[in-house]
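1. how does the following fold in three dimensions:
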Amino acid sequence: MYEYKKIRKKDILYPDISYAIMGCAFDVYNEIGPGYHEKYYQRALAESFKQSGLNFLEQKVCDLKYKGKIIGKQYLDFLVDDNIIVELKKGNIFSKRHIDQVINYLKTENLKLAILINFTNKGVISKRIVNLNS
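-> Numbering: from 1, shown residues only. Predicted coordinates for the structure are as follows:
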């Protein structure tokens, strides 16, 4: 028999900041709606983060290293409060490629949480991705 466990706020990583991030995403969608390029959602979300007082970096550069040598660079859409990666996508689904990309960002930065946000023609959908190895 399946035993249901009630999820409590204390069981969720960074609940208050996550809630604020998603509030900003919904504000952006409610204001400009669906169908725009990802870069416009990013600009609008940055403005919403500013207005909400969130501490964030936009297009944060992360070095990918191998044996101490930089072999590449990755660019996070946002790093919020030095703890949460926010990656934006446009479209109606999350692809495996999008999820794998965010998992790699989490591993590279040794962070615990990423929020993948899609602006769809039916609204905002999100996926919380947790790095269990951090």
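
2. so where do the helices sit in the chain?
-> 15-32, 38-52, 96-109 (DSSP state H).

3. report all helices and strands that the shortest one contacts.
-> Applying 3 or more CB pairs under 8 Å, 6 or more residues apart in numbering; DSSP states H and E, we find helix 96-109 packed against strand 56-66, strand 69-80, strand 84-90, strand 113-120, strand 123-130. Yep, even glycine has a C-beta here, placed from its N, CA and C like the rest.

4. same for the third one, what does it pack against?
-> Counting contacts by 3+ CB pairs under 8 Å, 6+ apart, strand 84-90 packs against helix 15-32, helix 38-52, strand 69-80, helix 96-109, strand 113-120.

5. neighbouring strands of that strand in the sheet, and parallel or not?
-> The strands beside strand 84-90 in its sheet (DSSP bridges) come out as strand 69-80 (antiparallel), strand 113-120 (parallel).

6. how far does it sit from its chain's centre?
-> Put simply, strand 84-90 sits 3 Å off its chain's centre (CA atoms, centre = their mean, to the nearest Å).
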